[in-house]
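Colleague: the following comprises the amino acid sequence and a computationally predicted model.
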Amino acid sequence: MSQVRARKTTTPSTSNTEALKEKPLKPVPKRAAMSNAAIPTSVLAKLAFFTILIFTLPIGVYFGTIDNLFGGESLYSAICAVVAANVVLIAYVIVAFMEDDGTPAASAPASSNKNPVAQPEEKKKDI
């Protein structure tokens, strides 16, 4: 019914490799400098602050409360660490919402009464 076909294998000849070596490579364009980045530095600073806080605060709360507050009871210390992590997340969301000024992005084109969904064009009938 079905036949197994032999695969044709080719080895590169010297003429093919010489032709590849003769073609000059195009230079790769360098990327633009990030000095005029779209993300303000204040946003990056807040992100870095909350990133450090989300890693250090729950661990510090856990080890700070395990012996000092709960006398070796790890369950209650873990619950406090989870609450601390959630407090940091909620604080980040609140700061992010307060930072938003409500204006659309500058790169978005201004459109006046244009429907973003493409509508089919009406065909005119010639009589």
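Modeller: Sure thing, it's come through. Residues are numbered from 1 along each chain as shown.
Colleague: tell me the mean pLDDT over the helix or strand encompassing residue 87?
Modeller: Using DSSP states H and E, the element containing residue 87 is helix 74-99. For helix 74-99, mean pLDDT rounds to 95.
Colleague: please identify the buried residues of that helix?
Modeller: Buried residues in helix 74-99, counted by 16 or more other Cβ atoms under 10 Å: 77-78, 80-81, 84-85, 88, 92. All C-beta atoms are positioned from the backbone trio N, CA, C, and that covers glycine.
Colleague: by contact count, what packs against it?
Modeller: On a contact count with 3 or more Cβ pairs under 8 Å, 6 or more residues apart in numbering; DSSP states H and E, helix 74-99 meets helix 41-68.
Colleague: pLDDT below threshold where in the chain?
Modeller: Low-confidence segments of the chain, defined by pLDDT under 70: 1, 6, 8-25, 29-37, 102-127.
Colleague: ok, residue 94 to residue 101 distance?
Modeller: Between residue 94 and residue 101 the computed distance is 15 Å (Cβ to Cβ, to the nearest Å).
Colleague: one more: residue 47?
Modeller: 18 Å.
Colleague: now swap in residue 69 and tell me
Modeller: From residue 69 to residue 101 the distance is 42 Å (Cβ to Cβ).
Colleague: tell me which of the two has more neighbours.
Modeller: residue 69 (12 against 5; other Cβ atoms under 10 Å).
Colleague: OK, contacts around that one?
Modeller: Shown in contact with residue 69 (Cβ atoms under 8 Å, 6 or more residues apart in numbering): 76-77, 80.
Colleague: dump the residues you listed to JSON lines, plus distance to residue 55.
Modeller: As requested, these are arranged in JSON lines below (distance: Cβ to Cβ, whole Å):
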{"residue": "76", "distance to residue 55": "21"}
{"residue": "77", "distance to residue 55": "17"}
{"residue": "80", "distance to residue 55": "16"}
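Colleague: from the residues you listed, which is closest to residue 40?
Modeller: Checking these against residue 40 by Cβ to Cβ gives residue 80 as the nearest, at 34.4 Å.
Colleague: wait, that closest one touches residue 60, no?
Modeller: No: using Cβ atoms under 8 Å, residue 80 makes no contact with residue 60, being 10.5 Å away.
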